[in-house]
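> show me how the following folds:
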Amino acid sequence: MSRPYDLLVLDVDGTFLTSRKQPSEQVLATLREARAAGVRISFATGRMFEAIAGWVHDLGLTTPQIANNGADLIDPQTGERLYSQGLSAATVAWLLGQGQQVDLPTVVFAGTRVLADAKAPEHWLLERNNEPVSIVPRTTLLDPTLTIEKLLFLSLTRSDEFAVLRDRLVAAKEDGVSFQADVSETGILNFCHPLANKGQAVTRLAERLGIPLARVAAVGDGDNDAPLLRTVGLGIAMGNATPAARAAARLGVPDNDHDGLAYAVRTHILGS
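So this is what the prediction gives:
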């Protein structure tokens, strides 16, 4: 019997990884089984590619990978950015100013680097994800020649303010300022180009591979996974998923601390 899905797209944090930020042995074994069965596998993560490259290599994945919340499409064999969608210089400058006004540490993702103009305890939220932060002058962050794929506000104590702040900033955008905003993880408010989301990215990836979206399955848990889950043929929400991700998905599975991803792949992709 032929497989119903040729491409499997996976969120990382909260999906591929447990709450301890590591994949379980059962998840790794199941993904290796799927790859051996001929299923193409791509991560679709809010992280930069370099932060997941070790797992991509260990699993032997050669399919382009979606990084920076859909802003980047990366060839894992060469590290080449096959597609990259950055924020405008005017948007970066405006958001940096807004972050300063509300006294939230702000970092930018520029290619293979994560940059900030001052060290902050909140950088732990990224460094635990294999994304070390480098400190540079503020003029570097404002350099219009710097390609910035995403910008983050960080907080260890004020993440409950992020939804209101996000909506206020969206309403207050000035002419020439364009972005979309999501809470990608607790403590992280993520700003990207309006066309940089996982739904747009999986469409681009499927076209590149010549695979109909109806034959793509995806698994995720966060608000930023909702565009991905509603775009593909089969969207699967983890048991720990947000309401937005659950609403966008067709099916649900156990949470990330109970091998929900392995269950999803074995039951709905491999049919075992």
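
> now for Ser88: which residues touch it?
Listed by Cβ atoms under 8 Å, 6 or more residues apart in numbering, the contact set of Ser88 reads 176-178, 193. No exception for glycine: its C-beta is placed from N, CA and C like everyone else's.

> err, Ala248, not the other one
Per Cβ under 8 Å, 6+ apart, neighbours of Ala248: 225-230, 235, 237.

> looking at it now. What's its pLDDT?
In this model, Ala248 is scored at 98, pLDDT.

> now it: phi and psi?
Here is the backbone geometry of Ala248 (degrees, to the nearest 10): phi -80, psi -20.

> for Phe153, same thing?
Torsion angles at Phe153 (phi, psi; degrees, to the nearest 10) stand at phi -100, psi 140.

> pretty sure it contacts Leu104?
Yes - shown here, Phe153 and Leu104 form a contact pair, counting by Cβ atoms under 8 Å, at 4.3 Å.

> what residues sit buried inside stretch 256-265?
Under the neighbour-count criterion of 16 or more other Cβ atoms under 10 Å, stretch 256-265 has 256, 258-265 buried.

> ok, back up a step: may I ask which of the contacts of Ala248 has the most neighbours?
Asp225 (36 neighbours; other Cβ atoms under 10 Å).

> what's near enough to touch that one?
With contacts defined as Cβ under 8 Å, 6+ apart, Asp225 is in contact with 11, 15, 44, 198, 218, 241, 245, 248.

> same check, this time on Leu251
Counting by Cβ under 8 Å, 6+ apart, Leu251 makes contact with 234-237, 264, 268.

> how far away is Leu165 from Phe191?
11 Å (Cβ to Cβ, to the nearest Å).

> shared neighbours, these two?
With Cβ under 8 Å, 6+ apart, Leu165 and Phe191 have common neighbours Phe153.

> neighbour count for these two, which is higher?
Taking neighbours as other Cβ under 10 Å, Leu165 and Phe191 compare with Phe191 leading, 25 against 20.

> that's a strand at the more buried one, yeah?
Yes - assigned with DSSP: H, G, I helix; E, B strand; the rest coil, Phe191 falls within a strand.

> isn't Arg128 up against Lys21?
Yes - using Cβ under 8 Å, Arg128 makes contact with Lys21 at a distance of 6.2 Å.

> of those two, who's got more company?
Lys21 (12 against 9).

> pLDDT at the more buried one, what is it?
Note on Lys21: pLDDT of 94.

> show me what contacts it?
The neighbourhood of Lys21, defined by Cβ under 8 Å, 6+ apart, consists of 13, 128-129.

> switch to 10 Å and redo it
12-14, 128-130 (Cβ atoms under 10 Å, 6 or more residues apart in numbering).

> same check on Val133?
Val133 touches 105, 107-108, 113-116, 119-120, 122-127, 154, counting by Cβ under 10 Å, 6+ apart.

> if we use 7 Å, what do you get?
Applying Cβ atoms under 7 Å, 6 or more residues apart in numbering, we find Val133 in contact with 107, 114, 116, 123, 126-127.

> skipping adjacent residues, who's closest to it in space?
In space, and not counting its chain neighbours, Val133 is closest to His123: 4.4 Å by Cβ to Cβ, 6 or more residues apart in numbering.

> for the one you found, helix, strand, or coil?
Following three-state DSSP, His123 is assigned to helix.

> what about it, neighbour count?
19.

> how close does it get to Val114?
Distance of His123 to Val114, computed by Cβ to Cβ: 8 Å.

> can you show me the helices along this protein?
25-36, 53-58, 89-101, 124-127, 138-141, 162-172, 198-209, 226-231, 243-248, 260-264 (DSSP state H).

> let's have the ones you listed in JSON lines, adding distance to Glu80.
Output for the helices of the chain, formatted as JSON lines (distance: least, Cβ to Cβ, whole Å):
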{"stretch": "helix 25-36", "distance to Glu80": "21"}
{"stretch": "helix 53-58", "distance to Glu80": "13"}
{"stretch": "helix 89-101", "distance to Glu80": "24"}
{"stretch": "helix 124-127", "distance to Glu80": "24"}
{"stretch": "helix 138-141", "distance to Glu80": "24"}
{"stretch": "helix 162-172", "distance to Glu80": "32"}
{"stretch": "helix 198-209", "distance to Glu80": "13"}
{"stretch": "helix 226-231", "distance to Glu80": "23"}
{"stretch": "helix 243-248", "distance to Glu80": "30"}
{"stretch": "helix 260-264", "distance to Glu80": "28"}
